[in-house]
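> from the sequence below, what's the structure:
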Amino acid sequence: MKNNNAQQNIPQGWKFDELGIFIADFGDGGTPSRSNGEYFGGEIPWVVIKDIKPIITKTQSTLTQKGLKNSSAKLWPTGTIILSFGATIGEVGIAGIPVATKQGIAGIVPTKELLNSFLYYLLLNNKGRLQQLSSGSTIKEVRPAVIKKQIKVFVPPIKEQQKIAEILGAVDEDIAKTQGVIEATEKLKKGLMQQLFTRGINHTKFKKTKLGEIPEEWKLTSLQEMIDNGIVVSHLDGNHGELYPKASEFIDNGVPYLSANCIEDGSVNFHKAKYLSLERASKFIKGVAVDGDILFAHNATVGPIAILKIKEKYVILSTTLTYYRCNEDKLVAAYLRYYMESDLFSDQYRRVMAQSTRNQVPITMQRTFLHILPKYAEQQKIAEILLAVDEKISINKKLKNKLILLKKGLMQDLLSGRVRVKFNE
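Residues are numbered from 1 along each chain as shown. Model (predicted):
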């Protein structure tokens with residue numbers, strides 16, 4: 001049954017109907033028996049969720065002809081739309097090569113009335129709707145028959161489809177280019193960190209240590225020694241014992257209560273924080289962090305690090321976080337943050353975790369970890385270099401987010417006909 005409200009607003013020359021009207025072929029994938037080694041490792045690309053990208057040109061796994069024949073999988077031609085509708089719903093790509101798909105990932109071939117590039121954007125724009133239509137007790141899915149019947153779309157003439165797809169494709173190209181810059185800059189940062197934390201700036205003499213060669217005048221010291229020497233003035237986690245807050249005690253506003261999931265890209269995302277009243281927060285003895293503290297996720301999620309930047313007097317940490325408070329005259333907080341992000345530090349806690357089934361690094365173990373300490377002025381220079389690289393990454397991430405929002409708005413306008421495009425007849 002067609003949506004009458006939508007019908008009243010159909011742009012001139014466009015059609016509005018069930019998606020199935022514009023589909024020539026829509027089929028599920030299949031998975032051969034994994035116990036038979038003859039079915040896998042052939043020349044047929046076999047798409048799983050991680051393989052779905054705007055253009056699919058390679059896959060993690062492949063099938064043999066025997067594997068294809070002994071499953072419900074089908075070989076889809078180049079240009080086929082690939083859509084996940086099983087456990088993960090709404091991932092969309094276009095086959096850049098002939099591919100087969102696993103169960104729960106469909107191949108869709110449109111009729112001549114619908115360009116595959118336009119259908120790609122139609123399905124992207126309907127991801128939320130696809131998820132709404134899902135059903136199932138343990139694993140949610142939305143069946144092809146439901147998709148064809150319940151997803152309704154506006155379809156313009158072919159030339160207008162082509163122009164719309166070109167516009168959206170241009171934005172996608174800008175997003176991909178920006179992501180490429182981000183990845184290249186992150187790779188540069190990783191290389192710089194390795195160089196700066198082992199060779200320093202303009203050093204010619206080096207010494208061997210437990211962490212490898214470092215400049216001769218640098219120190220290698222444990223965290224416990226840094227605490228004993230007043231370089232780190234406080235080091236505590238959010239292990240609150242009986243004071244641990246109950247779910248009913250959290251409120252909409254107040255003193256932030258931070259967990260490991262709040263740490264993103266070297267800073268704290270307060271949108272993910274919980275909050276306690278000032279009266280309740282004042283009862284905590286441990287895990288009370290202040291502006292400038294380094295936060296280290298040490299429990300459940302291990303590794304994320306951030307410098308705490310707050311206007312409040314303090315925040316409360318959960319059991320998943322530890323703070324490191326630097327003596328500002330002896331240790332540059334930004335230097336410590338970057339060192340703790342480096343492989344020199346992370347390799348130490350990974351070795352500890354490899355010896356246990358628990359995904360955590362206790363505070364007592366943290367105090368045994370080794371830190372590389374240049375002189376204060378060089379700490380500042382190293383931190384400044386890495387901060388400049390982070391700034392470039394941040395600028396490009398903001399640009400990427402703006403482009404994603406632009407694309408979302410364009411899809412809503414262009415795919416509904418609210419905004420029309422000019423094209424050559």
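> all strands for the stretch 151-300 of the chain, in order.
Secondary structure of the stretch 151-300 of the chain (DSSP state E, counting those that start in this stretch): strands at 152-155, 206-209, 212-215, 219-222, 232-237, 255-258, 263-264, 267-268, 274-276, 288-289, 294-299.
> mean neighbour count added to those strands, as TSV?
In this view, the C-beta of every residue, glycine as well, is placed from N, C-alpha and C. Below are those laid out as TSV (neighbours: other C-beta atoms under 10 Å):
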stretch	mean neighbour count
strand 152-155	21
strand 206-209	12
strand 212-215	16
strand 219-222	15
strand 232-237	18
strand 255-258	24
strand 263-264	18
strand 267-268	18
strand 274-276	19
strand 288-289	22
strand 294-299	24
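> to Ala377, which of these lies closest?
strand 212-215 (13.1 Å; C-beta to C-beta).
> how distant is the closest one from the center of its chain?
Put simply, strand 212-215 sits 34 Å off its chain's centre (C-alpha atoms, centre = their mean, to the nearest Å).
> now it: mean pLDDT?
Mean pLDDT, strand 212-215: 96.
> need the contact partners of it.
Outside strand 212-215, the residues that touch it by C-beta atoms under 8 Å, 6 or more residues apart in numbering are 197-200, 203, 205-207, 220, 344, 372, 374.
> cutoff 7 Å now
Residues from elsewhere that reach strand 212-215 (C-beta atoms under 7 Å, 6 or more residues apart in numbering): 198, 200, 203, 205-207, 220, 372.
> I figured Arg367 hits Gln224, correct?
Yes. At 4.2 Å, Arg367 counts as touching Gln224 under the criterion of C-beta atoms under 7 Å.
> got the contact list for Gly20?
148-149.
> wasn't it part of a helix?
Yes. Checked against DSSP: H, G, I helix; E, B strand; the rest coil, Gly20 lies within a helix.
> how far away is it from Phe197?
59 Å (C-beta to C-beta, to the nearest Å).
> count of neighbours near Ala247?
By other C-beta atoms under 10 Å, the residues close to Ala247 number 6.
> all helices for the stretch 151-300 of the chain, in order.
158-199, 223-228, 278-281 (DSSP state H, counting those that start in this stretch).
> how about the last one: buried residues?
Neighbour-count burial for helix 278-281, with 16 or more other C-beta atoms under 10 Å as criterion, is recorded at 280-281.
> other residues contacting it?
By C-beta under 7 Å, 6+ apart, the surrounding residues in contact with helix 278-281 are 245, 249, 254-255, 316.
> could you give the mean pLDDT of that helix?
95.
> quick revisit: find residues that contact each of Arg367 and Gln224.
With C-beta under 7 Å, 6+ apart applied, the contact sets of Arg367 and Gln224 do not overlap.
> still on that earlier bit, mind checking which of the contacts of helix 278-281 are buried?
245, 254-255, 316.
> how much space between Asn327 and His371?
Relative to His371, and taking C-beta to C-beta, Asn327 is found at 13 Å.
> show me which of these two is the more surrounded one.
A direct count of neighbours by other C-beta under 10 Å for Asn327 and His371 places His371 higher, at 22 against 14.
> how about the secondary structure of that one?
strand.
> could I get the contacting residues of it?
So His371 contacts 221, 223, 226, 339 (C-beta under 7 Å, 6+ apart).
> give the ChimeraX command for selecting the buried subset of those.
Only the buried entries of the contacts of His371 go into this ChimeraX selection, using 16+ other C-beta under 10 Å:
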select :223,226,339
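> ok, so of the buried ones among the contacts of helix 278-281, who is nearest Lys53?
Ile316 (41.2 Å).
> so what's the closest one closest to, chain neighbours aside?
Once flanking residues are discounted, Ile316 sits nearest to Tyr257: 4.8 Å by C-beta to C-beta, 6 or more residues apart in numbering.
> which residues does the one you found bridge with?
With DSSP bridges as the criterion, Tyr257 is bridged to Lys274, Ile316.
> how close does it get to Ile251?
Relative to Ile251, and taking C-beta to C-beta, Tyr257 is found at 10 Å.
> give me the common contacts of the two.
275-276.
> centroid-nearest residue for this protein?
Taking C-alpha atoms, centre = their mean, the centroid of the chain lies closest to Glu264, which sits 10.0 Å from it.
> helix or strand for the residue nearest to Ile307 when sequence neighbours are not counted, which one?
Closest residue to Ile307 apart from its sequence neighbours, by C-beta to C-beta, 6+ apart: Arg337 at 5.3 Å. If you go by DSSP states H and E, Arg337 is part of helix 333-341.
> how far off strand 294-299 does that helix point, in degrees?
30 degrees (axes from the mean of the first three to the mean of the last three C-alpha atoms, to 10 degrees).
> what lies in contact with helix 333-341?
Outside helix 333-341, the residues touching it (C-beta under 7 Å, 6+ apart) are 193, 197, 266, 292, 294, 296, 305, 307, 324, 326, 345, 371-372, 379, 382-383, 386-387.
> Lys398 in helix, strand or coil?
helix.
> so who does the closest residue to Leu331 other than its chain neighbours touch?
Excluding the flanking residues, the one nearest Leu331 by C-beta to C-beta, 6+ apart is Ile231, at 5.1 Å. By C-beta under 7 Å, 6+ apart, Ile231 lies in contact with 327, 330-331.
> from Gly200, how far off is Ile372?
Counting by C-beta to C-beta, the gap from Ile372 to Gly200 is 9 Å.
> same question for Ala100.
Going from Ala100 to Gly200 by C-beta to C-beta gives 53 Å.
> looking at the two, which is more packed in?
Ala100 (27 against 20).
> tally up the residues packed near Ala377, please.
Ala377 has 10 neighbours, counted by other C-beta under 10 Å.
> helix or strand for it, which one?
helix 376-414.
> where are the low-confidence patches of the protein?
The chain contains residues with pLDDT under 70 at 1-8, 136-138, 425.
> again, only using 90
Applying pLDDT under 90 to the chain picks out residues 1-9, 12, 86-87, 134-143, 240-242, 265, 300, 352, 354-359, 421-425.
> and the closest residue to Lys207 other than its chain neighbours, what does it touch?
Leaving aside its sequence neighbours, Lys207 sits nearest to Glu216 (C-beta to C-beta, 6+ apart; 5.0 Å). Each residue near Glu216 by C-beta under 7 Å, 6+ apart is listed here: 205-207.
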